[in-house]
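Participant: need coordinates for the below:
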Amino acid sequence: MVRKVIDDRGLLHLVSSLVCTLTEDCITTINPEGVRMLAAPSIEDVLNLHFSELIAEDYRFLLEVGWGLLAEEDVVPLKMRRFTGEIFDAELRVRPLDVDNRRVFLEVRDISKYVRSAQALREREERLQNILHSVAEGIVTITEDGKIETSNSAAEKMFQAPPRGLIGRNISTLVRSAESTNESLSSPAAIFAAPGTVKESLGVRLDGSQFALEFVCNELKHGRQKSFTAILRDISERKENEERIRKLAHHDSLTGLPNRNLLHDRMAQALARVRRHGGRLAILFVDLDKFKPINDKFGHKVGDYVLMEVAKRLLDSVRNSDTVARLGGDEFAVILEEVARPSEAAKVAEKIVAYLALPIETMDKTCSIGASVGVALYPDDGADLDDVVKAADLAMYRVKNAGRNGYRMYSELSDPLNQIADA
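Facilitator: From the prediction side, this is the model:
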């Protein structure tokens, strides 16, 4: 087998960079790859050319420091010009060939592709960052042990943190269980559980205030490392709207009191407690006297104020554990729980009648009303809620028929069962 011997000149053909020698800035030798890199027509067009002519004008000042100083640098970045006029990015290495640096050896690498790739990568990263910082949802990346590595502007704003103020914090200090407002979720693992599932919880701002939060976590894998990304959404406004809708469905829009639907639920709950623990509950039906003339004389605006004042006075007449509801128009109902004896319910009814008989001052008008109140108790006056409600309603009508502005216990009516049947 014959081995082919490659001399020094042949080695230059194998180098993928531009290599050349200079004598006082003139190119004396250059390899074929250098000719190709410069897009020169031939090697003769390059030889004896001043190397400085191949440097972009903005970078020629580098040569003024001298080859000796440039040789001390590992790599010198600069821009060069091809014979076609195209400017390209390059890296230059200088090696002196004599002590006075008259002759030097140069190696030039064309790095324009790398620069373009790096620039494209930076542009993609900038676009991604712009997208992340423009979305309304908070986005954070989290290590496996729960530490936040990155966060977008929306997340920082959501938790009232300064720029980069969330970095390094543990996600479990910012997210708490919706079931237990005083404790954080047990661990980052609890937050990361069921990836891809939307969960509701409480967010904790840096000042300690809380807000309704919805989040979803997904796992990210980088080789052996594992991390998570979380998308966070402040749902306080949605929750407030839901609560407002729920309240409208169960509360009177004028007075804010429970409406007829919620009253039935409260009565059923109160009945269940009485049956479980014993005792009594009382139902009071309150019908306002002389209310229609107020609307007719002063208008509905004054009438609405009177109704709101009536609601306030009714609430002031009972305990926090009791329920006051507006049935509609000028009709109200009261549930009294834990009534030991009928006389307790009678005292509350008497208090209501006296309180509602006091004048109501509004809009430079003095309004006087009264109330007819019917009282019935469970289990004294009925075996179930329907019977007790009918009994209280009947007792209230007996007050109206007797002249109004008073109260009547159903148990005081003569032959009450027959009267219920007749009603």
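
Participant: lowest average confidence across helices and strands of this protein, where is it?
Facilitator: helix 416-422 (a mean of 48; mean pLDDT, DSSP states H and E).

Participant: list the pairing partners of whichever strand in the chain runs longest within its sheet, with orientation.
Facilitator: Taking DSSP state E as the criterion, the chain has its longest strand at strand 210-222. The pairing partners recorded for strand 210-222 under DSSP bridges are strand 199-204 (antiparallel), strand 225-234 (antiparallel).

Participant: quick one: mean pLDDT for the first one?
Facilitator: Think strand 199-204. For strand 199-204, mean pLDDT rounds to 89.

Participant: buried residues in it?
Facilitator: Using 16 or more other Cβ atoms under 10 Å as the test for burial, strand 199-204 gives 199, 201-204. Using the backbone N, CA and C atoms, a C-beta is placed for each residue, glycine as well.

Participant: ok, now the last one?
Facilitator: Of the residues in strand 225-234, those with enough neighbours to count as buried (16+ other Cβ under 10 Å) are 227-234.

Participant: and stretch 241-248, how far out from the chain middle?
Facilitator: In terms of Cα atoms, centre = their mean, to the nearest Å, the centre of stretch 241-248 is set 19 Å apart from its chain centre.

Participant: cool, and stretch 148-160?
Facilitator: Chain-centre distance of stretch 148-160: 11 Å, with Cα atoms, centre = their mean.

Participant: can you check stretch 237-254 too?
Facilitator: 20 Å.

Participant: show me the contact partners of stretch 145-164.
Facilitator: 132-133, 135-143, 165-172, 174, 187-188, 191, 203-207, 211, 227, 232, 234 (Cβ atoms under 8 Å, 6 or more residues apart in numbering).

Participant: picking up where we left off before, possible to save the strands paired with strand 210-222 as TSV with distance to residue 117?
Facilitator: Shown next, in TSV, are these (distance: least, Cβ to Cβ, whole Å):
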stretch	distance to residue 117
strand 199-204	40
strand 225-234	25
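
Participant: of those, which is nearest residue 327?
Facilitator: In terms of Cβ to Cβ, the element of the strands paired with strand 210-222 nearest to residue 327 is strand 199-204, at 35.0 Å.

Participant: show me the contact partners of the closest one.
Facilitator: With Cβ under 8 Å, 6+ apart as the criterion, strand 199-204 contacts 158-159, 173-178, 181, 184-185, 210-216, 232, 234-235.

Participant: buried subset of these?
Facilitator: 158-159, 174-177, 184-185, 211-216, 232, 234-235.

Participant: in the stretch 151-300 of the chain, where is pLDDT below threshold?
Facilitator: 178-187, 222-223 (pLDDT under 70).

Participant: if we go to 80?
Facilitator: 177-195, 220-225, 245-249 (pLDDT under 80).

Participant: what segments of it are helices?
Facilitator: Secondary structure of the stretch 151-300 of the chain (DSSP state H, counting those that start in this stretch): helices at 153-158, 188-192, 236-250, 260-277, 292-298, 300-317.

Participant: output those as CSV; include the columns distance to residue 84.
Facilitator: Formatted as CSV, these follow (distance: least, Cβ to Cβ, whole Å):
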stretch, distance to residue 84
helix 153-158, 45
helix 188-192, 56
helix 236-250, 61
helix 260-277, 84
helix 292-298, 94
helix 300-317, 86
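
Participant: list the contacts for the closest residue to residue 41 other than its chain neighbours?
Facilitator: Sequence neighbours aside, residue 83 is the residue nearest to residue 41 in space, at 7.1 Å (criterion: Cβ to Cβ, 6 or more residues apart in numbering). Applying Cβ under 8 Å, 6+ apart to residue 83 gives the contacts 38-41, 45.

Participant: also residue 79?
Facilitator: Residue 79 touches 55-56, 58-59, 87-90, counting by Cβ under 8 Å, 6+ apart.

Participant: of those residues, which belong to strands?
Facilitator: 87-90.

Participant: domain assignment for the protein?
Facilitator: 8-114, 135-238, 251-422 (automatic domain parsing).

Participant: in the host helix or strand of residue 347, what's buried?
Facilitator: Using DSSP states H and E, residue 347 falls within helix 342-356. Buried residues in helix 342-356, defined by neighbour count with 16+ other Cβ under 10 Å: 342, 345-346, 348-349, 351-353, 356.

Participant: which outside residues touch it?
Facilitator: By Cβ under 8 Å, 6+ apart, the list of residues contacting helix 342-356 reads 280, 282, 284, 286, 288, 310, 313-314, 316-318, 334, 336, 339, 369-371, 373, 375, 377, 380, 405-407, 409, 411.

Participant: change it to 6 Å
Facilitator: Around helix 342-356, the neighbours that count as contacts under Cβ atoms under 6 Å, 6 or more residues apart in numbering are 282, 284, 313, 317, 336, 339, 371, 373, 375, 377, 406-407, 409.

Participant: next, the angle helix 300-317 makes with that helix.
Facilitator: For helix 342-356 against helix 300-317, the angle between stretch directions is 150 degrees (axes from the mean of the first three to the mean of the last three Cα atoms, to 10 degrees).

Participant: state the pair within the buried residues of strand 225-234 that is farthest apart.
Facilitator: Farthest pair in the buried residues of strand 225-234, by Cβ to Cβ: 227 and 234, 23.4 Å.

Participant: stretch 250-262: how far from the chain's middle?
Facilitator: Distance, centroid of stretch 250-262 to centroid of chain: 30 Å (Cα atoms, centre = their mean).

Participant: with that, I have no additional questions.
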